[in-house]
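Participant: Sequence and predicted structure are below.
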Amino acid sequence: QQQVKQSPQSLIVQKGGISIINCAYENTAFDYFPWYQQFPGKGPALLIAIRPDVSEKKEGRFTISFNKSAKQFSLHIMDSQPGDSATYFCAASETGANNLFFGTGTRLTVIP
Amino acid sequence: NAGVMQNPRHLVRRRGQEARLRCSPMKGHSHVYWYRQLPEEGLKFMVYLQKENIIDESGMPKERFSAEFPKEGPSILRIQQVVRGDSAAYFCASSPLDRAYGYTFGSGTRLTVV
């Protein structure tokens, strides 16, 4: 079964707008939540990650919001740019684990 | 300082043939992880290896798939007697740690079975 559920499947945003991608999980043992960005023909690249001891983490235009009680986390891309057009994956893992559980991905298109 | 190198980038095999996918980790990384990405799906863990050891193969299909990471040379993911359902992108990641954080992914091998 899908350990991490991601939505929406695709997203179209105007340049300068805010892109929001949501993920939910069931396993309360998960304590590491990264987001990956993947361009066509390339491997996923780590964008930003959060642990459940904080509710928000910001790096430049990218922010992760984390709601431990709801078991949800989201990626916000502020001032979205055409260069942000890519597929975004959320993922989760637990302490001591050596593998990540990935969401199914969101294909973001930013229109100029 | 090269990243994770995977080759070939694209591989076409006929049903029943063997596919060999290679992965050279980043310099200084001794932990290698293989993931498979099916069309319109996220990446799914297959196997985790250290030099000469398979540490976790819980995501590997029970038949036809094998992996190795020899003392010298790249890690190899081997798929015997390929079937159409094996068509996917196969990604390798390396890490300096035996943990899920710190991954660096390669650009993947896109396997097409015809």
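Facilitator: Noted; the coordinates are in hand.
Participant: Relative to residue B:79, how far out is the spatially closest residue to residue A:41 that is not a sequence neighbour?
Facilitator: If the residues on either side of it in the chain are set aside, residue A:41 comes closest to residue B:107, at 6.9 Å by Cβ to Cβ, 6 or more residues apart in numbering or on different chains. To be clear about C-beta, it is placed using only N, CA and C from the backbone, and glycine gets the same treatment. Note on residue B:107: its distance to residue B:79, by Cβ to Cβ, to the nearest Å, is 19 Å.
Participant: The two - which one has more neighbours?
Facilitator: Looking at residue B:107 and residue B:79 with other Cβ atoms under 10 Å in any protein chain shown, you find the greater number of neighbours at residue B:79, namely 22 against 18.
Participant: Might you report the residue contacts of that one?
Facilitator: B:18-21, B:64-65, B:86, B:111 (Cβ atoms under 8 Å, 6 or more residues apart in numbering or on different chains).
Participant: Need the pLDDT of it.
Facilitator: In this model, residue B:79 is scored at 98, pLDDT.
Participant: In the sheet, which residues pair with it? Tell me.
Facilitator: For residue B:79, the beta-bridge partners are residue B:19, residue B:65 (DSSP bridges).
Participant: same deal with residue A:64?
Facilitator: Residue A:64 forms beta bridges with residue A:57, residue A:75, as assigned by DSSP bridges.
Participant: and it, how many neighbours?
Facilitator: 23.
Participant: surely it meets residue A:47?
Facilitator: No. Using Cβ atoms under 8 Å, residue A:64 makes no contact with residue A:47, being 9.1 Å away.
Participant: Find the nearest non-adjacent residue to residue 43, please.
Facilitator: With no chain named, the answer covers chain A. Closest residue to residue A:43 in three dimensions, ignoring its sequence neighbours and counting by Cβ to Cβ, 6+ apart: residue B:105, at 3.4 Å.
Participant: wrong one, chain B
Facilitator: When the adjacent residues along the chain are set aside, residue B:43 lies closest to residue B:35, with 4.1 Å between them (Cβ to Cβ, 6+ apart).
Participant: and if you look at residue A:96?
Facilitator: residue B:99 (7.4 Å).
Participant: Phi first, then psi, for that neighbour.
Facilitator: Dihedral angles phi and psi of residue B:99 (degrees, to the nearest 10) take the values phi -140, psi 170.
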